[in-house]
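In: predicted model and sequence below, questions to follow.
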Amino acid sequence: MTNTQTQLATTVAPARALGGLAPNIPGDKSISHRAVIFAGMAEGVSHVTNVAPGEDVASSMRCVEQLGASVQRDGLAVRIRGGAWQAPAEPLDCGNSGTTMRFLIGALAGRRVEATLIGDASLSRRPMLRVAEPLHALGALIETAAGGTAPVHVRAGHPLHGGHIHMNVASAQLASALMLAATGANGRVTISGAGSARDHTAKMLPFFGVAVEREGDDLVVVGPQHFRAADFRVPGDPSAAAFWLAAAAIVPGARLRVENVNLNPTRLGFVDALERMGAGVQLTVTSEDPEPMGHIEVSARPLRAIAIEEPEVPAILDELPLLGIVAAYATGTTTVRGARELRVKESDRIAVLVNGLRKLGGAVTEVDDGFDVTGGTPLRGATVESGGDHRLAMAFAIAALRAGAPVTIEDSGCVAISHPSFFSDLEALRR
Ligand code: S3P
């Protein structure tokens, strides 16, 4: 592997063999955002350990600090004294993090704290009306830029009232924004349409003293409610583990074990997909509360194509580009449908995947809500674009492990969003 001096491009060589115990994976990014934001809303001192080391969660920490929380970071441990929030003097910069922006829009609206939220070029293209409109229905005053994007301005307004919100998109970030808003409302907020989107917020809020009821598939929060400080250890991130598991599945003879991973079923769509494709997969659950956690071991075996349909998408959402890479090393045509949401992530993940795979010689077809990848033709070395998207940069690095020649990933520094040590950890897996 070589890095340019500016870290803007990284070249990854094919691997002859991979194996053993994978390096510690970062703490779960989704859970870290929640722990930091909930602790920032809570009276008293919370300790969060094994917090995700990337830039996204650092954005959440900076924002809650600007809102009045005290945040002291010591490596992967963070001490947060939260409480009442005050209107920040400057806009809240959410960087590249959609989770930070959407959660804070809901939390600010519920608390009636006035603030403007901004983000980088990628985040400033992403849809925010999906959060603002349902919050308007609860009485919030929120303005977006003309395209329904950031900057987003939350006004102090009147107290929110209860209501029934049906979400048009099965988004965990939206459901979470609504639950956070509901904690400041006067009344009962019922949220439907979350489908199988990750449920960390409903699981973690009670840990911070907030009651969430489940009525069938609906989530109910009766406001107002108060957050209380909690100590929270963040489990390893299954979305980070997925890259090592994919590597183990595609490099002949490989076997890798990743330990202390969050095993919440709403995050295990990729592990399930690898198993359906024929990889050897073993899960060991070591603890259950508040999130199931344990070890995952994957070994390489001949892979075959699978079909992913809309209902399965939320549980594999962030791993779908990586699935496209694994599919290039499987027999047959893997199809992904019902995943239009990929187009409004940190990049248009369908377009970036398709462009990169084509450069690598892969047989790939782009459709509006997904893609088809036909495996069997070995990928070749090439230079590919990450689109500034951490998950695409890492997916192409995994593709390189079984390609015919090294792959250069442009704009690879974006891995710092979720996994700053990704490229050196990858090198440690070679045997
Ligand atoms: C996240 C939810 C997902 C995921 C994102 C993180 C979360 O987005 O893609 O990376 O932490 O709640 P959705 O809001 O589309 O479910």
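Out: Good, I have the coordinates.
In: what strand or helix carries the nearest residue to L357 once chain neighbours are set aside?
Out: Nearest residue to L357 in three dimensions, chain neighbours excluded: V364, at 4.5 Å (CB to CB, 6 or more residues apart in numbering). Backbone N, C-alpha and C define where each C-beta goes, glycine included. Element membership of V364, judged by DSSP states H and E, is strand 363-367.
In: can you show me the helices along the stretch 1-150 of the chain?
Out: Counting by DSSP state H, counting those that start in this stretch, the stretch 1-150 of the chain has these helices, from start to end: 29-41, 55-66, 98-111, 129-137.
In: dump these to CSV, plus distance to A194.
Out: Below are these laid out as CSV (distance: least, CB to CB, whole Å):
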stretch, distance to A194
helix 29-41, 14
helix 55-66, 21
helix 98-111, 14
helix 129-137, 12
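In: closest to V298 out of those helices?
Out: helix 29-41 (20.9 Å; CB to CB).
In: per-residue pLDDT, P290?
Out: Looking at P290, its pLDDT stands at 80.
In: now do the contacts for it.
Out: 203-204, 206-207 (CB atoms under 8 Å, 6 or more residues apart in numbering).
In: rerun at 6 Å
Out: The contact partners of P290, by CB atoms under 6 Å, 6 or more residues apart in numbering, come to 203, 207.
In: reformat the helices of the stretch 1-150 of the chain as a markdown table; add mean pLDDT and distance to A197.
Out: As requested, the helices of the stretch 1-150 of the chain are exported to a markdown table (pLDDT from 0 to 100; distance: least, CB to CB, whole Å):
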| stretch | mean pLDDT | distance to A197 |
| --- | --- | --- |
| helix 29-41 | 98 | 11 |
| helix 55-66 | 98 | 18 |
| helix 98-111 | 98 | 12 |
| helix 129-137 | 98 | 13 |
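In: which one of the ones you listed lies closest to P378?
Out: helix 29-41 (32.6 Å).
In: got the angle between that closest one and helix 55-66?
Out: For helix 29-41 against helix 55-66, the angle by axes from the mean of the first three to the mean of the last three CA atoms, to 10 degrees is 10 degrees.
In: anything in helix 29-41 near the ligand?
Out: Yes: contact of helix 29-41 with the ligand (CB under 6 Å from any ligand atom) involves 30, 33.
In: residues of the chain that sit close to the ligand?
Out: Going by CB under 6 Å from any ligand atom, the residues of the chain near the ligand are 30, 33, 99, 171-174, 176, 197-198, 317-318, 341.
In: can you pick the most crowded of these?
Out: Counting neighbours by other CB atoms under 10 Å, S176 leads the residues of the chain next to the ligand with 31 neighbours.
In: need the contact list for that residue.
Out: 103, 201.
In: quick check, it in a helix?
Out: Yes: assessed by DSSP: H, G, I helix; E, B strand; the rest coil, S176 belongs to a helix.
In: distance of G278 from the ligand?
Out: Separation of G278 from the ligand (CB to the nearest ligand atom, to the nearest Å): 26 Å.
In: so that residue is in contact with A300, correct?
Out: No: contact criterion CB atoms under 6 Å: G278 and A300 do not qualify, at 9.8 Å.
In: the more surrounded of these two?
Out: Using other CB under 10 Å, the more surrounded residue of G278 and A300 is A300, with 22 against 17.
In: relative to the ligand, how far out is that one?
Out: Applying CB to the nearest ligand atom to A300 and the ligand gives a distance of 27 Å.
In: so who does the closest residue to that residue other than its chain neighbours touch?
Out: Closest residue to A300 in three dimensions, ignoring its sequence neighbours and counting by CB to CB, 6+ apart: A254, at 4.6 Å. Neighbour list for A254: 18-19, 248, 300 [criterion: CB under 6 Å, 6+ apart].
In: who wins on neighbours among these?
Out: Going by other CB under 10 Å, A248 tops these with 28 neighbours.
In: what comes into contact with the helix or strand containing that one?
Out: Assigned by DSSP H and E, A248 falls within helix 238-250. Outside helix 238-250, the residues that touch it by CB under 6 Å, 6+ apart are 18, 22, 25-26, 254, 256, 258, 261-262, 267, 270, 274, 279, 298, 300, 318-319, 322, 326, 329, 394, 398, 401-402, 419.
In: span of stretch 356-376 from start to end?
Out: Terminal residues of stretch 356-376 lie 17 Å apart, using CA to CA, to the nearest Å.
In: can you tell me how far R198 is from D217?
Out: 15 Å (CB to CB, to the nearest Å).
In: ugh, typo on my part, it should be L353
Out: L353 sits at a distance of 31 Å from D217 (criterion: CB to CB).
In: neighbour-wise, which of the two wins?
Out: Taking other CB under 10 Å, L353 and D217 do not tie; L353 has more neighbours (31 against 11).
In: isn't the more buried one up against L320?
Out: No: with contact defined as CB under 6 Å, L353 does not count as touching L320 (8.1 Å).
In: any regions of the chain where pLDDT drops low?
Out: Within the chain, the ranges that satisfy pLDDT under 70 run 1-7.
In: got the domain boundaries for it?
Out: 3-26+236-428, 29-233 (automatic domain parsing).
In: ok, back up a step: which members of the contacts of helix 238-250 occur in strands, if any?
Out: Within those, residues falling in strands by DSSP state E are 256, 258, 261-262, 298.
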